[in-house]
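> got a sequence here, can you build the structure:
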Amino acid sequence: MSRVKQAKRILIFNVNWLGDVLFSTATIRNVRRNYPESYIACVIPSRCYPILKGNPHLDEVIIFDEKDRHKGMLAKLNFISMLKNRRFDTVFLLHRSFSRALICRLAGIEQRIGYNTKKRSFLLTKKINMPKQDSLHRIDFYLNVIEKAGLRVEDRYLDFIFTAEEAKHVDDFLSKNMVSRDDFIVALNPGGNWLPKRWPRDYWAQLADKLISEIKAKVIITGSISDLPLVKQIKEKMKEKPLVACGVFNIKHLGALARRADLFITADTGPMHIANAVGARKIIAIFGPTAREITGPYPDSNVVILQKDSGCPVPCYRVNCQDNRCMKAVTPEDVLAQVKKIRKS
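Here you go, the predicted structure:
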């Protein structure tokens, strides 16, 4: 397969969402494989920076916050000037927006490669046809851009890097809270930025109680600071006492915890993919409105996906759904049964 022009300075203009930036790490790695000697930078919003921090396949991570520090026209012009001064000659536009393609054109990047989305065709020098909706896993959706541009794609796993110091921080926290290496550690991730994908808080409380009372597990509830109200409600509904790490760990620490735990239980969220990327021993993933073929974990050899037919189409994008029956269909007993199988294996 032929390659695009052998670039010296490559830019990857990434997307805006944590999970999808994680999906794009397979693309970043494969770009590096095709251009081992080139300078490769990636543009992401600041909230996604921890996903790529420490990524060994990038020489630089550039921050672009369209709705914050780069919101105004002057800030955008300064950003364009900065890109122009860096003299990139090729950009892979993983983001499908018109504005990103225009920025790269104004920055003088000669080769502009991306999906041929509405109104931006004239801004691209290599136009990639959009695949049929929901026909590709999100990992492959981004890999498709570089593959159709002529690059070799050798694999599709994800990269997420944490340091020994970050792992020690997690170990110290567990040790201080009387969690030892001999304990059966179960991390629960009840949050998620999309409400229809969340498992009911009552279910989380019931499951956590059973894990502690029946399995004798050390249960650790994870999440960001924004998840604190949710976790507080779950804890208030419980009879047992879990260890709450919500708001204590950053996203790198979450990866280290997922690697340390014996089991990571979650819905279809970014943390699920982080846990898988770091090689979590076992993951139970609760799916409802989303399809494993599109956003499921890869590889899935260490993952049990629980999903039931609730009569709704999957994938379903009704973000204002109040019924949540697809998530309710998977019960705490269903999850506990899988935990017991894992415990025996």
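> which ones are touching the nearest residue to residue 159 once chain neighbours are set aside?
Counting by CB to CB, 6 or more residues apart in numbering, residue 159 lies nearest to residue 25, which is 4.1 Å off, once chain neighbours are set aside. C-beta here means a position set from N, CA and C on the backbone, and glycine is covered the same way. Applying CB atoms under 8 Å, 6 or more residues apart in numbering, we find residue 25 in contact with 51, 52, 55, 158, 159, 160, 277.
> can you redo these as CSV with distance to residue 89?
Listed next are the contacts of residue 25 as CSV, based on distance: CB to CB, whole Å:
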residue, distance to residue 89
51, 26
52, 22
55, 21
158, 28
159, 25
160, 29
277, 30
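> and those, which is closest to residue 254?
Distance to residue 254, by CB to CB, is smallest for residue 160 among those, at 9.6 Å.
> hang on, the earlier thing: can I get the contacts of residue 25 in TSV with pLDDT and distance to residue 334?
Below are the contacts of residue 25 laid out as TSV (pLDDT from 0 to 100; distance: CB to CB, whole Å):
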residue	pLDDT	distance to residue 334
51	96	31
52	98	35
55	98	36
158	97	27
159	97	32
160	97	28
277	96	26
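> of those, which belong to helices?
Secondary structure from DSSP state H places 51, 52, 277 of the contacts of residue 25 in helices.
> ok, the first one touching residue 22?
I take that to be residue 51. Yes: using CB atoms under 8 Å, residue 51 is in contact with residue 22, at 5.4 Å.
> so those two - more neighbours on which side?
residue 51 (31 against 24; other CB atoms under 10 Å).
> the more buried one - nearest residue in space that isn't next to it in sequence?
With CB to CB, 6+ apart as the measure, residue 21 is the residue that lies nearest to residue 51, at 4.7 Å, once sequence neighbours are left out.
> residue contacts, that neighbour?
Per CB under 8 Å, 6+ apart, neighbours of residue 21: 14, 15, 44, 48, 51, 52.
> mind redoing it with 6 Å?
By CB atoms under 6 Å, 6 or more residues apart in numbering, residue 21 lies in contact with 14, 44, 48, 51.
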